[in-house]
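A.B. asks: Fold the following and give me the result.
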Amino acid sequence: MSSAAHLDLPLVIEEMSHADALEIVGWRYPGEYSFYDRDADQRDAGELLDADLRKEMYFSVRGRRGALVGFLQLKKAGAETVDIGLGLPPS
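C.D. replies: Numbers count the residues shown, from 1 in each chain. Purely as a prediction, here's the structure:
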């Protein structure tokens, strides 16, 4: 299976719903990758679960069939810079 088939391309980026935020906070990564668990840092989980904080900063990424395949974070880092964060499910 190609990685494109696995991701179910084309991808759709949309405003993150509370249901998606809850799902992402529940993702658990194995072993040394547990650093990426969103609730490893309560500030990260809080930011994701608070609708006002996540608005216009966190976006759900869905495959063609509507499955959640990741998330995108855009955060202003300076007057002319933006930090880009990407997250994929542990599977």
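
A.B. asks: show me what contacts Cys51?
C.D. replies: Rather than Cys, residue 51 is Ala. Contact analysis of Ala51 by C-beta atoms under 8 Å, 6 or more residues apart in numbering lists His18. Placement of C-beta: from N, CA and C, glycine included.

A.B. asks: what's the answer for Gly85, then?
C.D. replies: Counting by C-beta under 8 Å, 6+ apart, Gly85 has contacts Leu72, Gln73, Leu74, Lys75.

A.B. asks: Figure out the helix or strand that the second one lives in.
C.D. replies: Remark: Gln73 resides in strand 68-78, with elements defined by DSSP states H and E.

A.B. asks: for that strand, packing partners?
C.D. replies: Packed against strand 68-78, as judged by 3 or more C-beta pairs under 8 Å, 6 or more residues apart in numbering; DSSP states H and E, are the following elements: helix 18-25, strand 58-62, strand 81-87.

A.B. asks: Kindly export the shortest one (C-alpha atoms) in PDB.
C.D. replies: Pointing back at strand 58-62 there. Extracted as PDB, the C-alpha positions of strand 58-62 are listed here (Å, rounded to 0.1, in the frame of the first residue of the first chain):
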ATOM      1  CA  TYR A  58      -5.900  24.200  15.300                       C
ATOM      2  CA  PHE A  59      -7.400  22.400  12.200                       C
ATOM      3  CA  SER A  60      -8.500  18.900  11.600                       C
ATOM      4  CA  VAL A  61      -7.100  17.100   8.600                       C
ATOM      5  CA  ARG A  62      -9.400  14.500   7.000                       C
END
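
A.B. asks: what's the angle from it to strand 68-78?
C.D. replies: 150 degrees (axes from the mean of the first three to the mean of the last three C-alpha atoms, to 10 degrees).

A.B. asks: ok, residues contacting strand 58-62?
C.D. replies: 11-17, 20-21, 47-48, 68-74.

A.B. asks: Same question for the first one.
C.D. replies: In this structure, residues lying in contact with helix 18-25 by C-beta under 8 Å, 6+ apart are Arg38, Asp39, Ala45, Leu48, Leu49, Ala51, Arg54, Tyr58, Ser60, Leu68, Phe71, Gly87.

A.B. asks: list the buried ones in it?
C.D. replies: By neighbour count with 16 or more other C-beta atoms under 10 Å, helix 18-25 contains the buried residues Asp20, Ala21, Ile24.
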